[in-house]
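Asks: Next come a sequence and a model predicted from it.
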2 protein chains.
Amino acid sequence: MRPFLLAAALFAPIAMQAQPLRPQVDAWRKAHEREILDEAFALLAIPNVASNQDDIARNVAFLTQAFAKRGVTLVELRAPSGGSPALFGEIKVPGATRTVVMYAHYDGQPVAGGGWESEPFTPKLSRYANSAPTVDVPLPAPGDTVDPEVRIRARSASDDKGPIVAMLAALDAMKALNQRSTVNVKFFLEGEEEAGSNHLGELLRTHKDKLQSDAWLFFDGPVHVSGTPQIVLGVRGVMGAEVTFYGANRALHSGHYGNWSPNPAVAVATFIASIRDNDGRIKMPGFYNDVPALTAGDRALARALSVTDDSVRSSLGLSRTEANSAPLGERIMQPALNIRGIRGGNVGAGASNAVPTSASVSIDFRLVPDQQPARIRTLLEQHLAALGYTVVRDANAASRSNDRSRLAYVSYDSGYTAVRVPSALPVVQAVKRLMARSYGQEPFTLPILGGSLPLFHFVEQLGATVITVPTVNADNSQHAPNENLRVRNLWDGIGLMVELMSSLGKEWGPRS
Amino acid sequence: MRPFLLAAALFAPIAMQAQPLRPQVDAWRKAHEREILDEAFALLAIPNVASNQDDIARNVAFLTQAFAKRGVTLVELRAPSGGSPALFGEIKVPGATRTVVMYAHYDGQPVAGGGWESEPFTPKLSRYANSAPTVDVPLPAPGDTVDPEVRIRARSASDDKGPIVAMLAALDAMKALNQRSTVNVKFFLEGEEEAGSNHLGELLRTHKDKLQSDAWLFFDGPVHVSGTPQIVLGVRGVMGAEVTFYGANRALHSGHYGNWSPNPAVAVATFIASIRDNDGRIKMPGFYNDVPALTAGDRALARALSVTDDSVRSSLGLSRTEANSAPLGERIMQPALNIRGIRGGNVGAGASNAVPTSASVSIDFRLVPDQQPARIRTLLEQHLAALGYTVVRDANAASRSNDRSRLAYVSYDSGYTAVRVPSALPVVQAVKRLMARSYGQEPFTLPILGGSLPLFHFVEQLGATVITVPTVNADNSQHAPNENLRVRNLWDGIGLMVELMSSLGKEWGPRS
């Protein structure tokens, strides 16, 4: 039967092209923009930093009620050792043979450090220029529409509550349009993704039976910076680390002691300069040993993805980027060492002529497949030892030490490995066709996302096939002040989710 | 006559030894400790950061009233271009041929950055252990005494309001003990020393006639760390600089852009590592060209001053110090580059996976005689240019730039040169003898102080001979949280000032 099937597949794009559902979804949505935005605002008004479990509980209560309204009963899935619950619900479709899990996370990044134009948890509609809010815009009247270029401004607007709002609206639209899902749908809303997913592996293992599926569709991360939709077949791994160096146990006058007592700000700078250069090259000995070279195919794909590099640089006020302005697409296929922050003493008006007592650097490593966080930790600590430091894991070690300037206090965020799935999988091809149908344009294929998602756990615990389908705008300032979601991207997400639920079973074909 | 004079000088320490006044001063002081401490607390309760001119005016009003109570009329000396006023007053002594100016400054260091056990401008008496306050102690009852090991804890307690309190008490003691000054005394209380003395040169030039003298006695800085009194014959110069580097004009997700968009925290670290090593060596090309090598005499003096290095290290939680634990005394005779602070992005709980938009380093250089701040600025900017940066002096340049990562925004505190006076001057020898008489022990001679005072202006504008006579404890945490003045050092200061005013004219001999 193979020759016949192949022929059918070849003709399918022309002969079997289904009509896109998007026009109907858009028509419904235009009549309901205010309700969708009201629900988005209500969800975004609930602070969601996972370190505050009272806030997490308020999100859980809201989401449970919102999904119940659509006939989906959410239950809390918890890891025995603690952490935020994940929320799980399902739609069983009689006759469907494929099951997909739709993933998003309801927790968000911390908001410390200032820089917000307004409260991060007081959502607003705002126009943006150069990634900064310019003027606020009122919500549309019920039944009316809003300029889709306007942004929803709030922490987690794009990362990652926006996609949850889209899921809810997509369920409403399907009901209104009398569309039935062609796959069994499970929802999985994670509650501590931005806190490092510390309990996720255990949680998945504990609830393995509920979470069986043929594929996971991850709604997280942004579309391509050009606005072109993209399907993402992998993610870099990540590992956070913080290293603190010490000087004397009290701040000393820099005139009397400044070139005698060790200066921890110099120590931290020297350390940073020893692990990374201004071109992004990681200098820790051995770091690249288990990093595969990019293939010619990878490089070609990277170039295709990097057509907008010049305009992105320009919008960022940059004339050049690291590694001699190498393509962004190529850079994110390689591992990275990012300095998230440095801190020691004071600068500006607060600076005083003193030697700081300690100085810290916060780092995130981005890892490619085959790199293990444990090995990065070992390399980091070996490097510190080679520089003459005694690595300590106790935050109070310095207060008891009589050799403070030789200590390096190291702490880690929970890290995880990278994941990539093959682009030839039928489900990947099916999702790409539905994306093209919903958006009216072919998506880019990104072999690996620069950012990190805890996909490793899904592979390890469930053997899952994980495909990421980003919907939010690239200039969303996620993880940063004035995070926002462009309204058009919310509408796109609703349209795509309806298309996927309604058509994926047919497009993919039945389980053999 | 020379042989006779020489013989007289040789016998002087035995044959002409005057009786110290210290026992009488101590007896008077023991009956007045509460009054002295009350006045100290009242003065220290007035915030005195020179950037707040309302606070400065409150200090001026307090001091004017306090000196008036002792019969000294203070007037405000101002620079035409602005700044805090200096306070000036004088005691003319019939028959006196020598005039000395007693210097202190009434402004203080900023208190930003936290770390204080209590409000910096709410003075307290506290016991200290390991440079941290342990338990508060009540003020003594009127007529009663306080343990002289107790500390007065407040911003400026030691730097530099303590010496002003000692001046006031010394005037009271002289009146009570019926002592007359043997020199004309002028008081000069500076009001923006900790803000860089930006208007001082102009102020001195403007009021040059009032400020003529045979010598200035500076009451600022600490005694030797061993507790031994010291006379200081010079100060290092200083120049503050801040350099800011830039990344993209908005914080970017480190996963999506972290090894593509330039990271300013790496830029600042690489810059720091290029200008100074962990041993204090300054690596800017040409920096040491105009720095004279230490003489054998300098090194011998340094070793004598460094007998306490091991115990100081131990008290600071350090086993080693910079440059292979070279003597502190030797280090401060050399120029220094201190990192006061580094700042970019966030660390700790506030860290997020983003690339910072900018990162800054605050630096203070300490200079030795012959080094010019202007040349240091040139070297710094040449070095930045050699690293590929465009130096800008406009804080807003980055917001308009399309090549942000190549900008280095540089700003400077007003800097000044170092000063040294010869130890053979008769007034130096006379002051040393009176110090020995008041303290009952020989003072150390420090050729140059590690810290900086704006002595250059006094030399340049007035041709002054400047001698520094520190009185406060070395572990006073000046410029840092929990600044304090050990009560015994306040009593020592009162005793020394009485001895100097009462005896310096006789000891020095008349103006020829």
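Replies: Thanks, I have the structure now. Numbers count the residues shown, from 1 in each chain, chains lettered A, B, ... in the order given.

Asks: Can you give me the neighbour number for residue A:79?
Replies: Burial measure for residue A:79: 20 neighbouring residues, criterion other C-beta atoms under 10 Å in any protein chain shown. Yep, even glycine has a C-beta here, placed from its N, CA and C like the rest.

Asks: Helix or strand for the residue nearest to residue A:270 when sequence neighbours are not counted, just tell me which one.
Replies: Distances taken as C-beta to C-beta, 6 or more residues apart in numbering or on different chains put residue B:273 closest to residue A:270, at 4.9 Å, once the chain neighbours are dropped. Assigned by DSSP states H and E, residue B:273 belongs to helix B:264-275.

Asks: now for that helix, which elements pack on it?
Replies: Packed against helix B:264-275 by the contact rule (3 or more C-beta pairs under 8 Å, 6 or more residues apart in numbering or on different chains; DSSP states H and E) you find helix A:264-275, strand A:336-345, strand B:237-246, strand B:336-345, strand B:358-367, helix B:373-386.

Asks: Tell me the pLDDT of residue A:290.
Replies: Residue A:290 is assigned 89 on the pLDDT scale.

Asks: sorry, that was for residue A:79
Replies: Listed pLDDT for residue A:79 reads 97.

Asks: do the same with residue A:75
Replies: Listed pLDDT for residue A:75 reads 98.

Asks: My read is that it contacts residue A:88, right?
Replies: Yes. Counting by C-beta atoms under 8 Å, residue A:88 is a contact partner of residue A:75 at 5.4 Å.

Asks: Most proximal residue of the stretch 351-500 of chain A with respect to chain B?
Replies: residue A:451 (3.0 Å; C-beta to the nearest C-beta).

Asks: give me the number of residues near that residue?
Replies: Around residue A:451 there are 26 residues (other C-beta under 10 Å).

Asks: Look up how far residue B:359 lies from the nearest residue to it once chain neighbours are set aside.
Replies: Nearest residue to residue A:451 in three dimensions, chain neighbours excluded: residue B:255, at 3.0 Å (C-beta to C-beta, 6+ apart). Residue B:255 sits 20 Å away from residue B:359, going by C-beta to C-beta, to the nearest Å.

Asks: in stretch A:20-32, what counts as buried?
Replies: The neighbour-count check on stretch A:20-32 (16 or more other C-beta atoms under 10 Å in any protein chain shown) flags A:20-22, A:24-25, A:28-29, A:32 as buried.

Asks: and if you look at stretch A:312-319?
Replies: A:312-313, A:315-318.

Asks: among these, which two are most distant?
Replies: Maximum pairwise distance in these, criterion C-beta to C-beta, is 10.9 Å, between A:312 and A:317.

Asks: give me every residue that touches the closest residue in space to residue A:146 that isn't next to it in sequence.
Replies: Nearest residue to residue A:146, sequence neighbours excluded (C-beta to C-beta, 6+ apart): residue A:140, at 4.5 Å. By C-beta atoms under 8 Å, 6 or more residues apart in numbering or on different chains, the residues touching residue A:140 are A:33-34, A:37, A:146.

Asks: Over to residue A:345?
Replies: By C-beta under 8 Å, 6+ apart, the contact set of residue A:345 is A:251, A:265, A:351, A:354-356, A:359, B:113, B:339-342, B:362.

Asks: Just the buried ones from those?
Replies: The buried subset of the contacts of residue A:345 - by 16+ other C-beta under 10 Å - is A:251, A:265, A:351, A:354-356, A:359, B:113, B:339-342, B:362.

Asks: from what I can see residue A:493 touches residue A:168, true?
Replies: No. At 10.9 Å, residue A:493 does not count as touching residue A:168 under the criterion of C-beta under 8 Å.

Asks: So which of the two has more stuff around it?
Replies: Taking other C-beta under 10 Å, residue A:493 and residue A:168 do not tie; residue A:493 has more neighbours (26 against 21).

Asks: tell me which element the more buried one is part of?
Replies: helix A:487-508.

Asks: C-alpha coordinates for that helix, PDB please?
Replies: These are the backbone C-alpha positions of helix A:487-508, laid out as PDB (Å, rounded to 0.1, in the frame of the first residue of the first chain):
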ATOM      1  CA  VAL A 487      -3.300  41.700  21.000                       C
ATOM      2  CA  ARG A 488      -2.900  40.300  17.400                       C
ATOM      3  CA  ASN A 489      -0.800  37.500  18.800                       C
ATOM      4  CA  LEU A 490      -3.500  36.600  21.300                       C
ATOM      5  CA  TRP A 491      -6.000  36.400  18.400                       C
ATOM      6  CA  ASP A 492      -3.500  34.300  16.400                       C
ATOM      7  CA  GLY A 493      -3.100  31.900  19.300                       C
ATOM      8  CA  ILE A 494      -6.900  31.500  19.600                       C
ATOM      9  CA  GLY A 495      -7.100  30.800  15.800                       C
ATOM     10  CA  LEU A 496      -4.300  28.300  15.900                       C
ATOM     11  CA  MET A 497      -5.600  26.400  18.900                       C
ATOM     12  CA  VAL A 498      -9.000  26.000  17.300                       C
ATOM     13  CA  GLU A 499      -7.400  24.700  14.100                       C
ATOM     14  CA  LEU A 500      -5.200  22.300  16.000                       C
ATOM     15  CA  MET A 501      -8.000  20.800  18.100                       C
ATOM     16  CA  SER A 502     -10.400  20.700  15.200                       C
ATOM     17  CA  SER A 503      -8.100  19.300  12.500                       C
ATOM     18  CA  LEU A 504      -5.000  17.600  14.000                       C
ATOM     19  CA  GLY A 505      -6.600  14.100  14.200                       C
ATOM     20  CA  LYS A 506      -7.500  14.200  10.500                       C
ATOM     21  CA  GLU A 507      -4.200  15.800   9.400                       C
ATOM     22  CA  TRP A 508      -2.100  13.400  11.400                       C
END
